[in-house]
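Colleague: what would the 3D arrangement of this be:
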Amino acid sequence: MKTYNGPVSDHFDGLRFFDPDGTPPHTFAQIMRWQRTRKAAKWPARAPSGFADVPPPSVTGNRVRLSFVGHASWLIQTAGLNILIDPVWSQRASPFTFAGPKRVNDPGIAFEALPKIDAVLVSHGHYDHLDVRTLSKLAAKFSPRVIAPLGNDVTMRAHDAAIRAEAHDWNRRVEIDDGVAVTLVATRHWSARGLFDRNKVLWASFVLETPAGKIYIVCDSGYGDGKHFRRVREAHGALRLAILPIGAYEPRWFMRDMHMNPSDAVKALADCGAEQALAHHHGTFQLTDEAIDAPAHALDAALGEAKLPREKFAALKPGQVFEI
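Modeller: Now for the predicted structure:
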């Protein structure tokens with residue numbers, strides 16, 4: 001698989017990327033231990049959300065409209081722009097169409113109902129976030145800019161040269177249009193699409209500048225000591241909204257360093273200082289061992305323990321909409 005080729009930096013050793021404040025990916029032996037000992041809850045084959053959004057062509061003024069597509073996929077509409085986050089419309093989060101985690105609910109927006117897409121943000125190369133089949137469909141219909149961390153552009157263009165992929169390093173600010181920009185920021189995660197390409201491309205979270213304020217979009221991250229979230233607060237100031245993952249966290253001994261649980265996500269909200277949070281990365285693909293409804297219940301409990309109002313950190317279902 002073709003991968004990134006670039007200069008050595010404080011998080012790239014010439015072959016692989018690394019997080020100076022993180023941990024390396026699990027070894028093959030640890031993966032096999034999880035597979036041998038796992039006790040996965042049984043998910044339903046289908047769990048329809050009961051919602052379906054038909055978004056407007058655009059949203060203008062100082063408003064932001066966020067439509068939850070499912071898992072870590074969102075449509076964000078603001079300042080006349082339509083921006084997709086980690087778009088996955090495929091039935092499986094997998095390199096295969098016949099095997100791998102299968103979605104249990106339909107995307108909250110039918111692909112045919114999408115407005116013209118201007119830009120796409122892709123956080124990293126895992127199959128539940130970088131879906132080349134969906135990106136090809138978007139390229140054919142809308143030809144949007146696709147903004148991603150270093151090396152992921154190679155992955156996309158190797159699949160389809162029509163994908164207008166561009167890749168940027170951590171802390172790079174990219175102008176999308178007047179009044180809207182995105183900065184790629186460090187996050188506690190890793191990347192791979194095969195057995196031999198671990199961390200050969202970069203991963204990131206995003207700070208999206210909009211007329212209604214800054215939106216911190218964390219598609220995948222462990223919590224660690226919270227340093228990554230506090231650094232975003234220090235570097236970017238007031239955050240209007242944080243989109244934080246709450247799922248794919250069991251068993252903790254295996255998932256702790258790469259995926260937050262709901263309790264971690266509530267701590268991350270406090271660390272980054274956002275006014276409001278939305279939850280994602282749960283309820284669509286069974287990637288780990290917790291039950292389908294466990295993240296939402298655990299989030300409710302964590303907010304109670306933190307003495308925070310439930311509305312401060314909302315868990316939408318695919319097809320539901322939130323506006324600021």
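
Colleague: break down the protein into its helices, ranges please.
Modeller: Along the chain, counting by DSSP state H, helices occupy 28-37, 132-141, 152-159, 227-236, 252-255, 262-272, 294-305.

Colleague: out of those, nearest to V69?
Modeller: Across those, V69 has its closest neighbour in helix 132-141 (10.2 Å, C-beta to C-beta). Any C-beta I mention is one placed from the backbone N, CA and C, and that applies to glycine too.

Colleague: which other residues reach the closest one?
Modeller: The set of residues external to helix 132-141 that reach it, using C-beta atoms under 8 Å, 6 or more residues apart in numbering, is 84, 87-90, 111, 114, 117, 120, 122, 144, 146, 155-156, 159-160, 162-164.

Colleague: and the average pLDDT for it is what?
Modeller: Per-region confidence: helix 132-141 scores 98 on mean pLDDT.

Colleague: which positions in it come out as buried?
Modeller: Taking 16 or more other C-beta atoms under 10 Å as the basis for neighbour counts, the residues of helix 132-141 that come out buried are V132, T134, L135, K137, L138, A139.

Colleague: can you select the buried ones from the contacts of helix 132-141 in ChimeraX?
Modeller: This is how ChimeraX selects the buried members of those, with burial counted by 16+ other C-beta under 10 Å:
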select :84,87,88,89,90,114,117,120,122,144,146,155,156,163,164
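
Colleague: what about the contacts of helix 132-141, which are in strands?
Modeller: Here DSSP state E is the test, and the contacts of helix 132-141 give L84, V120, V146, R164 as lying in strands.

Colleague: not counting its neighbours along the chain, what's nearest the first one?
Modeller: Beyond its immediate neighbours in the sequence, the residue positioned closest to L84 (C-beta to C-beta, 6 or more residues apart in numbering) is V120, lying 4.7 Å away.

Colleague: isn't the one you found up against R145?
Modeller: Yes: taking contacts as C-beta atoms under 8 Å, V120 lies within contact range of R145: 7.0 Å.

Colleague: burial count for A40?
Modeller: In terms of burial, A40 registers 13 neighbours under the definition other C-beta atoms under 10 Å.

Colleague: state the distance from the closest residue to it other than its chain neighbours to D220.
Modeller: On the basis of C-beta to C-beta, 6+ apart, the spatially nearest residue to A40 that is not a chain neighbour turns out to be D289, at 4.4 Å. As for D289, its distance to D220 is 17 Å (criterion: C-beta to C-beta, to the nearest Å).

Colleague: and L66, how far from L130?
Modeller: Spatial separation of L66 from L130 under the definition C-beta to C-beta is 21 Å.

Colleague: quick revisit: of D289 and D220, who's got more company?
Modeller: With neighbours defined as other C-beta under 10 Å, D289 and D220 compare such that D220 has more, 25 against 18.
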